[in-house]
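[1] Quick check, what structure comes out for this input:
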Amino acid sequence: MRAVVQRVSEASVTYMDTAHPGSPGKEERLCGSIARGILAYIGIGAGDTEEDAEYLADKIAHLRIFMDEGEKMNLSVLDLGYEALVVSQFTLLADARKGRRPSYSQAAEPSRAKALYEFFCEKLREQGVPVQTGKFQEIMRVRYINEGPVTILLDSEKAF
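    The predicted structure follows:
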């Protein structure tokens, strides 16, 4: 399981809703929005397990990427009572080493990925982090202000 974690001063995610009969065209709908906190993109691999999700939830909840009084990154989202916006992103499993079109063969199939994504979000909530989410398997628009900028790459297999 992979994650890209960004320290944000605000973030939101919307999707295009076409499910309302009688409404003309597509309508952009808000799925999740946070003030200060973290934006976490989560990619779920074919071999990922609940243990991977638990590991990343714990790691992200306690990741010290926020400034203390001495201007050092010593505080976590939990320490400050901030929120997390979690967005599924299978493209984190892309393999672009060959050719020009990335392969996504390492990504989990959608039903398994959705179950682990929801499990991850629940484990993050159990850590005490308020969680907002994107809409699984939809094309979304993510808007955010990356503070710092701070962007951290995580992998449950500790590949990097």
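
[2] quick one, helices of the chain?
    For the chain, the helices defined by DSSP state H cover 50-62, 77-80, 110-126.

[3] Dump those into TSV; add mean neighbour count, mean pLDDT and distance to residue 94 as well.
    C-beta here means a position set from N, CA and C on the backbone, and glycine is covered the same way. Below are these laid out as TSV (neighbours: other CB atoms under 10 Å; pLDDT from 0 to 100; distance: least, CB to CB, whole Å):
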stretch	mean neighbour count	mean pLDDT	distance to residue 94
helix 50-62	19	98	18
helix 77-80	17	98	27
helix 110-126	18	98	14
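
[4] Next, format those helices as a markdown table and append distance to residue 141.
    Formatted as a markdown table, the helices of the chain follow (distance: least, CB to CB, whole Å):
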| stretch | distance to residue 141 |
| --- | --- |
| helix 50-62 | 23 |
| helix 77-80 | 23 |
| helix 110-126 | 19 |
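
[5] how about the ones you listed, which one is nearest residue 44?
    The minimum distance between residue 44 and those falls on helix 110-126, with 4.3 Å, by CB to CB.

[6] distance between that closest one and the chain's centre?
    Averaging C-alpha positions (CA atoms, centre = their mean, to the nearest Å) puts helix 110-126 11 Å from its chain's average.

[7] Output that helix as PDB, nothing but the C-alphas.
    Taking Å, rounded to 0.1, in the frame of the first residue of the first chain, the C-alpha atoms of helix 110-126 are listed here in PDB:
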ATOM      1  CA  PRO A 110     -11.700  -2.400  -7.500                       C
ATOM      2  CA  SER A 111     -13.800  -4.300  -5.000                       C
ATOM      3  CA  ARG A 112     -10.700  -5.400  -3.000                       C
ATOM      4  CA  ALA A 113      -9.200  -1.900  -3.200                       C
ATOM      5  CA  LYS A 114     -12.500  -0.300  -2.000                       C
ATOM      6  CA  ALA A 115     -12.700  -2.600   1.000                       C
ATOM      7  CA  LEU A 116      -9.100  -1.900   2.000                       C
ATOM      8  CA  TYR A 117      -9.500   1.900   1.400                       C
ATOM      9  CA  GLU A 118     -12.500   1.900   3.700                       C
ATOM     10  CA  PHE A 119     -10.700  -0.200   6.200                       C
ATOM     11  CA  PHE A 120      -7.700   2.200   6.100                       C
ATOM     12  CA  CYS A 121     -10.100   5.200   6.700                       C
ATOM     13  CA  GLU A 122     -11.700   3.400   9.700                       C
ATOM     14  CA  LYS A 123      -8.300   2.600  11.200                       C
ATOM     15  CA  LEU A 124      -7.200   6.300  10.800                       C
ATOM     16  CA  ARG A 125     -10.400   7.300  12.600                       C
ATOM     17  CA  GLU A 126      -9.700   4.800  15.300                       C
END
